[in-house]
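Q: Predicted model and sequence below, questions to follow.
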Amino acid sequence: MYGTPANRYPDVFSDEQETEIEEDNASLKDFYDMLSDMFKLAETAHILDYGINMSFGKQPLNVLNNTIIKHLEVIETLKEEIKDFERRNRLIITRLKEEENKGKELEKKVKQETKPKRRKTQLL
């Protein structure tokens, strides 16, 4: 994984000032792992869709209660999986955000440079 060892847990360093982290270029495997994690998150989130389409039968309040409890459990699971996803892919996500910000700043700079200057009116 990009910036993380094979066991998927980041290294723990005793002192941040003495530690230098070498950032390698991202490989196709890193992006494949990130996409696999995204698909796993999507599958977990898809469970919430099917819970709404079920019928409640003869005991609607009991079934509704169980459905709501299960949905809350799935939401908690999703929160944990999203945190794990962000932790495992932290460096790639940071790089992607930096590239997006650079693009936005470049567009903003070009817009400012090409903006026509306003004419100053002279007092009579």
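A: Nice, I can see it.

Q: Tell me how far the one residue sitting closest to the centre of the chain lies from residue 32.
A: Geometric centre of the chain, nearest residue: residue 86, 5.8 Å, by C-alpha atoms, centre = their mean. To residue 32, residue 86 is 17 Å away according to C-beta to C-beta, to the nearest Å. For every residue, glycine as well, the C-beta is placed using N, CA and C.

Q: same deal with residue 65?
A: 41 Å.

Q: same check, this time on residue 48
A: For residue 48, the distance to residue 32 - C-beta to C-beta - is 26 Å.

Q: now swap in residue 59 and tell me
A: On the measure of C-beta to C-beta, residue 59 and residue 32 end up 46 Å apart.

Q: Check residue 47 too.
A: Per C-beta to C-beta, residue 47 is found 24 Å from residue 32.

Q: Settle it for me: which of these two has more neighbours?
A: Per other C-beta atoms under 10 Å, whichever of residue 47 and residue 32 has more neighbours is residue 47, with 14 against 10.

Q: just to revisit the earlier point, please name the nearest non-neighbouring residue to the residue nearest to the centre of the chain.
A: Once flanking residues are discounted, residue 86 sits nearest to residue 93: 6.7 Å by C-beta to C-beta, 6 or more residues apart in numbering.

Q: No further queries at this time; thank you.
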